[in-house]
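1. can you look at this prediction? I've put the sequence above it.
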Amino acid sequence: MKIIFATNNKNKVEEIKHLSHKNLQILTLQEAGIDIDIPEPHDTLEANATEKSSTIYNITNKAVFSEDTGLEVDALGGAPGVKSARYAGEGRNMQDNIDKLLQELKDKPTRAAQFRTVVSLIIGGKEYQFQGICKGHITNEMDGANGFGYDPVFIPEGSNTTFANMDIAEKNKFSHRKKAVQQLINFLNEYQASI
């Protein structure tokens, strides 16, 4: 089965291809011959995920999924949340985003946080959503060179090191994205069996 992943983020593609089953062929936007930057104008992860998958479904009329992920920090009222990629501005500079996050948490007594991923699948003209959450906390400083985004400052529950110190296989033991994508893959397996 072929399915389009509505993203231009190579890191996310690599993570999800690592999770997928051999019967599932995931096509990037580039591999599907689509060269657009999909807007994320909404106030929720759910709405942004739907925006991305529906945009590509309307172009291709083929099975497509997308995801939107946010880092939600308790002491900041759930921020950066849906604005995670643009926390420090529209430039999407992750170093600036991390610097801003650490600055805003400087005097906060609690550093509890969670990554939350929402996957939107459109197949056969219907949308289905799946969610994955990884709880943890924010470190005082950056640590590690792997991963992307906020990985250098996030330690998942059950670990004593940041995502940025883990390879993909280790990160996937905890990953919010893996939890959501696993639900997607399970659904697709059942869907294929039913047709």
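-> The structure has been received and is ready for your questions.
2. pull the number of nearby residues for the nearest residue to Ile123 once chain neighbours are set aside.
-> Distances taken as CB to CB, 6 or more residues apart in numbering place Ala63 nearest to Ile123, at 4.4 Å, with adjacent residues excluded. From N, CA and C alone the C-beta is placed, and that goes for glycine too. As a burial measure, Ala63 scores 19 neighbours (other CB atoms under 10 Å).
3. and Ala63, what is it in contact with?
-> Neighbouring residues of Ala63 by CB atoms under 8 Å, 6 or more residues apart in numbering: Met1, Lys2, Ile3, Ile4, Leu121, Ile122, Ile123, Gly124.
4. just checking, Asp35 touches Ile59?
-> No - with contact defined as CB atoms under 8 Å, Asp35 does not reach Ile59; the gap is 10.9 Å.
5. doesn't Val13 fall inside a helix?
-> Yes - with DSSP: H, G, I helix; E, B strand; the rest coil as the criterion, Val13 is located in a helix.
6. pull up the gap between the residue positioned nearest the centre of the chain and Thr60, please.
-> The centre of the chain sits closest to Thr69, judged by CA atoms, centre = their mean, with a distance of 3.8 Å. Distance of Thr69 to Thr60, given as CB to CB, to the nearest Å: 23 Å.
7. and Gly89, by the same measure?
-> Taking CB to CB as the measure, Gly89 and Thr60 are separated by 32 Å.
8. neighbour count for these two, which is higher?
-> More crowded of Gly89 and Thr60, by other CB under 10 Å: Thr60, with 16 against 10.
9. do I have it right that the more buried one meets Ile36?
-> No - Thr60 is beyond contact range of Ile36, at 11.5 Å (criterion: CB under 8 Å).
10. can you tell me which residues contact Pro39?
-> With contact taken as CB under 8 Å, 6+ apart, Pro39 is in contact with Glu51.
11. and it, what pLDDT?
-> pLDDT for Pro39: 82.
12. equivalent analysis for the one 4 residues further on, please.
-> The per-residue pLDDT reported for Asp43 equals 94.
13. give me the neighbour count for it.
-> Asp43 has 10 nearby residues by other CB under 10 Å.
14. phi, psi of it?
-> Backbone geometry at Asp43, expressed as degrees, to the nearest 10, gives phi -90, psi 0.
15. with adjacent residues omitted, what lies nearest to it?
-> Once flanking residues are discounted, Asp43 sits nearest to Val82: 6.1 Å by CB to CB, 6+ apart.
16. pull up the gap between the one you found and Asn189, please.
-> Where Asn189 is concerned, Val82 sits at a distance of 30 Å (CB to CB).
17. hmm, who's touching the helix or strand bottoming out on mean pLDDT in the chain?
-> Ranked by mean pLDDT, DSSP states H and E, the weakest helix or strand in the chain is helix 10-19, scoring a mean of 78. With contact meaning CB under 8 Å, 6+ apart, helix 10-19 is reached by 5, 7, 26, 28, 67, 147-149, 168-169, 171-172, 175, 177-178, 181-182, 185.
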